[in-house]
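# Any chance you could fold what I've pasted below:
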Amino acid sequence: MSIRFADDCQKLETHLKTRYGIRVVTRDIPDPLTGDPDGLEIHIDYAVTPEQRLFLLAHLFGHTVQWNTDPGAFEIGRKYQPPVDEGLFTAILAYENEAASYGLAMLHQAGIADADEWFSAYSQCDQIYLLDFYRSGKKGDFRTFWPASFPLIQPKPIPSFQAVRRGFRMDGVGYLRFCPRNLSSDPSQDDPFRSRAGSALEENLITSPLPFGSTRHLNNEHAKN
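Numbers count the residues shown, from 1 in each chain. Predicted structure coming up:
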């Protein structure tokens, strides 16, 4: 798999602006966050890699769609702090799955058709990480959550919507996660991230053939220099 992350980011940002009126802002975002949408704009930290940026653009677009089409979705992303009742995990994961499915659909819209496997793996890793964080309140090493196997995300048709600013969720779902600085998406390389199982937490994920997804992370050791 060879993805042109920097080129695809530019393509995606142009698509977001021209088709949806969503502006992408690059700025310094307080650690340990790397990105945040407000319903009208997507803000991304200046220090992330092109790979991290591409994931953030797609996934945070998914949440932007949710916020502008489902009033309840905005609240799901705002109100959870660890430790979280595991009875809520199904709703949280469904929210993340849908965001990933919208994100993948938007990648396809923009003409990016070779990133499905990468985006699916990255999304599941993020989801495993999120469950662990919500259980323990601790930000673990992202590399230990990279899945040995994963279902492919299914794109979900993007409904018509008018982007409206709703405010940043600096503490919400998807923004307590971090981007791995050295994540390789080329399976031909001897990547230690890809040689590890995603841990027993994978058993707790929703594994139906319905849209599947999540977001990513980075512990403090890999944070912005």
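# what's downstream of the helix or strand where A94 lies, the next helix or strand?
Here A94, judged by DSSP states H and E, is contained in helix 89-109. In the C-terminal direction, the helix or strand that comes right after helix 89-109 (DSSP H and E) is helix 116-136.
# low-confidence ranges in the chain?
For the chain, the stretches flagged by pLDDT under 70 are 1, 32, 78-79, 168-225.
# can you give me the helices in it?
For the chain, helices defined by DSSP state H occupy the ranges 5-20, 50-69, 71-78, 89-109, 116-136.
# in the first one, what's buried?
What it means is helix 5-20. For helix 5-20, the neighbour count (16 or more other Cβ atoms under 10 Å) marks F5, D8, C9, K11, L12, E13, H15, L16, Y20 as buried. In short, each C-beta sits where N, CA and C put it, glycine included.
# measure the nearest residue to the fourth one once chain neighbours are set aside to A91 for me?
Going back to what we said before, that points to K11. Leaving aside its sequence neighbours, K11 sits nearest to A110 (Cβ to Cβ, 6 or more residues apart in numbering; 5.4 Å). Noted for A110: a distance of 29 Å to A91, by Cβ to Cβ, to the nearest Å.
# More neighbours: which of those two?
The neighbour comparison of A110 against A91 (other Cβ atoms under 10 Å) goes to A110, with 18 against 12.
# Now for that one: which residues touch it?
Counting by Cβ atoms under 8 Å, 6 or more residues apart in numbering, A110 makes contact with D8, K11, L12, H15.
# can we see that at 6 Å?
K11, L12, H15 (Cβ atoms under 6 Å, 6 or more residues apart in numbering).
# related to what we said a few turns ago, reformat the helices of the chain as JSON lines; add distance to Q154.
What follows is these, written out as JSON lines (distance: least, Cβ to Cβ, whole Å):
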{"stretch": "helix 5-20", "distance to Q154": "20"}
{"stretch": "helix 50-69", "distance to Q154": "13"}
{"stretch": "helix 71-78", "distance to Q154": "19"}
{"stretch": "helix 89-109", "distance to Q154": "6"}
{"stretch": "helix 116-136", "distance to Q154": "9"}
